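Asker: sequence first, then the predicted structure, then my questions.
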Amino acid sequence: MKRLLVLVLLLTAGAMASAQFKLRPDAFPPEPEPLAVKAVTMAADVSQMAQWDRYPTYGTYVAMMQQWAADFPALCRLDTIGTSIQGRLILSLEIAGNLADTTLPEFFYSSTIHGDEVTGYVMMLRLIDTLLHGYGSNPFYTRLVNTTRICINPLANPDGTYRSGDNTVQGAQRYNANYVDLNRNYPNPFGSSPANLQQENAAMISYVGSHQFRLSANLHGGSEVMNYPWDCFTSAQNPHPKSAWWQEVCKRLVDTIHTYTGDHFNDVTSEGYIAGGDWYVITGGRQDYMNYYHNCLELTMEVSTTKLLGSSQLPVYWNFLQHSLVNYIDMIHHLNLVSVTSADPSMGTVEGGGLFGNGDTAVLVATAKSGYRFSHWSNGAADNPLLATVDEDTLNPRAVAVMSDTLFTAHFVPDTAVHSAICPVAESPKIYVRDGRVVVEADGWQQMDVYDAMGRQVTDAVLRRGVYFVKVGECPIRKVVVL
Ligand SMILES: [Zn+2]
């Protein structure tokens, strides 16, 4: 009886822990999926993929990639990243309106480094098909393809996916043929290369080294969440320098998904996104490798809680994922986050922040509430308040050329209008007029502004006869009379 009681307590403790945080599917050892029989239908040839409700056999996959390259030679070309241990191809399709244009920013999608997480595999194939067939008719896809080199590797671990043979994804495994988790096998930030670097990853490292990817994502399954870097640190230990940008991007991606479904992307956090290390710290992941070693912003997209969906479910997932998959590519043109905030929201509000490309113009507008007026801006790095400076720019609205993530704070002050009632006499500083000049006796230097009775700023050293209003620093405005 006593033993039983202990067991019950342990089970309760375990349930409480898992209620707080769902176990990361990347955890080792992985959570096995229940062996429920799923309706997994395979496409034995390209034509059977027409409804996108099947998984391709390995042969169908290779044929699809080759078919696109043959059908759209002006828009795409097939590249071989390398081969797996068992000799299967690791392929990438490169898509661009002008393939010869080497100035296009380079984007990279890669899926299914864990061979049993196959939803992303089919999503990537359908994305290729959508971009190629939408080019010329869909203005958004056309613009994306014309302005971006989009490289898509639908299957990073073919031996894991086709462990049971080339004709089925049933029995797929997470690992490669050496039973190594490829997403623990990349060089770690601040660390050394793994001793057993796998053939698939060596090929991928060589491939990404031959490109200049600026934005990328790798697709997984087992949860539904956008997992932004770092994976090897918690955000308290070492936040990613673009954490604020990541949060804004993830929020947009998840918000879009949630406009198409209410039942997804809420199993890890209600927001649908999280810093990877805050969920579960791992080392040797590809996301951190890309961010740290290639200065490429890579996101981990966990796109389906069920790793092996029944194949009839694939169009359902495409329906709610497709918009964010395309929108994420477009983020390569909006790599900077301008954040705006009010130093005191009770005094005024500010707008004009958002995501911008390099050199884009952000127009910041500060709006004072009744009884207050805009004073000035301060700015700083979005993630580092210590860098914030008073930049003394008092323009409003203010146009800013965006080149990095920046935080602008609008400051407001009480609007003691210079033409209003007589100001109260302050004890300090001492302000008076002598020989037509305003004299201020104050501790230390302070900014002094003088206004005439109409509220116009006066810069004359010697004032003509009349009533003037003097503002020293942030002190109350004082009236002086020149006789
Ligand atoms: Zn995974």
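Answerer: Alright, I've got the coordinates. All of these numbers come straight from a predicted model, not from anything done at the bench.

Asker: and the residue nearest the centre of this protein?
Answerer: For the chain, residue 246 is the residue whose C-alpha lies nearest the centre (C-alpha atoms, centre = their mean; 2.8 Å).

Asker: quick check: nearest residue in space to that one, chain neighbours excluded?
Answerer: Using C-beta to C-beta, 6 or more residues apart in numbering and skipping residues adjacent in sequence, the residue nearest residue 246 is residue 228, 3.8 Å away. In short, each C-beta sits where N, CA and C put it, glycine included.

Asker: settle this for me: the one you found is touching residue 278, isn't it.
Answerer: No: with contact taken as C-beta atoms under 8 Å, residue 228 and residue 278 are classed as non-touching, separated by 9.9 Å.

Asker: quick one, which of those two is more surrounded?
Answerer: Neighbours were counted for residue 228 and for residue 278 using other C-beta atoms under 10 Å; residue 228 has more, 27 against 19.

Asker: pLDDT at that one, what is it?
Answerer: At residue 228, the model reports a pLDDT of 98.

Asker: ok, it - contacts?
Answerer: 240, 243, 246-247, 249-250, 273-276, 299-300 (C-beta atoms under 8 Å, 6 or more residues apart in numbering).

Asker: again, only this time at 7 Å
Answerer: Counting by C-beta atoms under 7 Å, 6 or more residues apart in numbering, residue 228 touches 240, 246, 250, 273, 275-276, 299.

Asker: do the same with residue 216
Answerer: By C-beta under 7 Å, 6+ apart, the neighbours of residue 216 are 107-109, 290, 296, 298.

Asker: picking up where we left off before, so what's the residue nearest to residue 246 bridging to?
Answerer: In this entry, residue 228 is beta-bridged to residue 275, by DSSP bridges.

Asker: before we move on, the earlier item: part of a helix, is the residue nearest to the centre of the chain?
Answerer: Yes: under DSSP: H, G, I helix; E, B strand; the rest coil, residue 246 falls within a helix.

Asker: picking that back up, next, format the contacts of residue 216 as JSON lines and append distance to the ion, pLDDT and neighbour count.
Answerer: Output for the contacts of residue 216, formatted as JSON lines (distance: C-beta to the ion, whole Å; pLDDT from 0 to 100; neighbours: other C-beta atoms under 10 Å):
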{"residue": "107", "distance to the ion": "21", "pLDDT": "98", "neighbour count": "26"}
{"residue": "108", "distance to the ion": "17", "pLDDT": "98", "neighbour count": "26"}
{"residue": "109", "distance to the ion": "15", "pLDDT": "98", "neighbour count": "25"}
{"residue": "290", "distance to the ion": "15", "pLDDT": "97", "neighbour count": "25"}
{"residue": "296", "distance to the ion": "19", "pLDDT": "97", "neighbour count": "20"}
{"residue": "298", "distance to the ion": "14", "pLDDT": "98", "neighbour count": "23"}
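
Asker: secondary structure for the residues you listed - can I get that in JSON lines?
Answerer: Conversion of the contacts of residue 216 to JSON lines gives the following (three-state DSSP):
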{"residue": "107", "secondary structure": "strand"}
{"residue": "108", "secondary structure": "strand"}
{"residue": "109", "secondary structure": "strand"}
{"residue": "290", "secondary structure": "helix"}
{"residue": "296", "secondary structure": "coil"}
{"residue": "298", "secondary structure": "strand"}
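
Asker: make TSV from those and add distance to residue 97 to it.
Answerer: Putting the contacts of residue 216 into TSV (distance: C-beta to C-beta, whole Å) gives the following:
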residue	distance to residue 97
107	13
108	17
109	18
290	25
296	22
298	24
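
Asker: can you name the residues of this protein that neighbour the ion?
Answerer: Residues of the chain lying close to the ion (C-beta under 5 Å from the ion) are 114, 117, 220.

Asker: and those residues as JSON lines, adding pLDDT, secondary structure and neighbour count?
Answerer: Formatted as JSON lines, these follow (pLDDT from 0 to 100; DSSP: H, G, I helix; E, B strand; the rest coil; neighbours: other C-beta atoms under 10 Å):
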{"residue": "114", "pLDDT": "98", "secondary structure": "coil", "neighbour count": "29"}
{"residue": "117", "pLDDT": "98", "secondary structure": "coil", "neighbour count": "30"}
{"residue": "220", "pLDDT": "98", "secondary structure": "strand", "neighbour count": "27"}
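
Asker: residue 66 versus the closest residue to the ion within the stretch 1-150 of the chain, what's the distance?
Answerer: Nearest to the ion, among the residues of the stretch 1-150 of the chain, is residue 114, at 3.6 Å (C-beta to the ion). Here residue 114 is placed at a distance of 25 Å from residue 66 (C-beta to C-beta, to the nearest Å).

Asker: next, the contact list for residue 304, please.
Answerer: With contact set as C-beta under 7 Å, 6+ apart, residue 304 has these partners: 119, 221, 224, 317.

Asker: which residues are contacting stretch 242-253?
Answerer: Stretch 242-253 is contacted from outside by 226, 228, 235, 240, 273, 275, 297, 324, 327-328, 331, 337, 339, 355, 382-383, 405, using C-beta under 7 Å, 6+ apart.

Asker: which PyMOL command selects the buried ones in those?
Answerer: Applying 16 or more other C-beta atoms under 10 Å to the contacts of stretch 242-253 leaves a buried subset, and the PyMOL line that selects it is:
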select buried, resi 226+228+235+240+273+275+297+324+328+331+337+339+355+382+383+405
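
Asker: among the contacts of stretch 242-253, which are in helices?
Answerer: Per DSSP state H, helices hold the following members of the contacts of stretch 242-253: 324, 327-328.

Asker: can I get these in TSV with pLDDT?
Answerer: Formatted as TSV, those follow (pLDDT from 0 to 100):
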residue	pLDDT
324	98
327	98
328	98
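
Asker: for residue 208, phi and psi?
Answerer: Reported as degrees, to the nearest 10, the phi and psi values for residue 208 are phi -70, psi -30.

Asker: returning to that earlier point: of the residues of the chain next to the ion, which is the nearest to residue 71?
Answerer: Distance to residue 71, by C-beta to C-beta, is smallest for residue 117 among the residues of the chain next to the ion, at 28.5 Å.

Asker: what does the helix or strand hosting residue 143 contact?
Answerer: Using DSSP states H and E, the element containing residue 143 is helix 139-147. Surrounding helix 139-147, the residues in contact under the criterion C-beta under 7 Å, 6+ apart are 75, 95-97, 104, 131, 134-136, 326, 329-330, 333.
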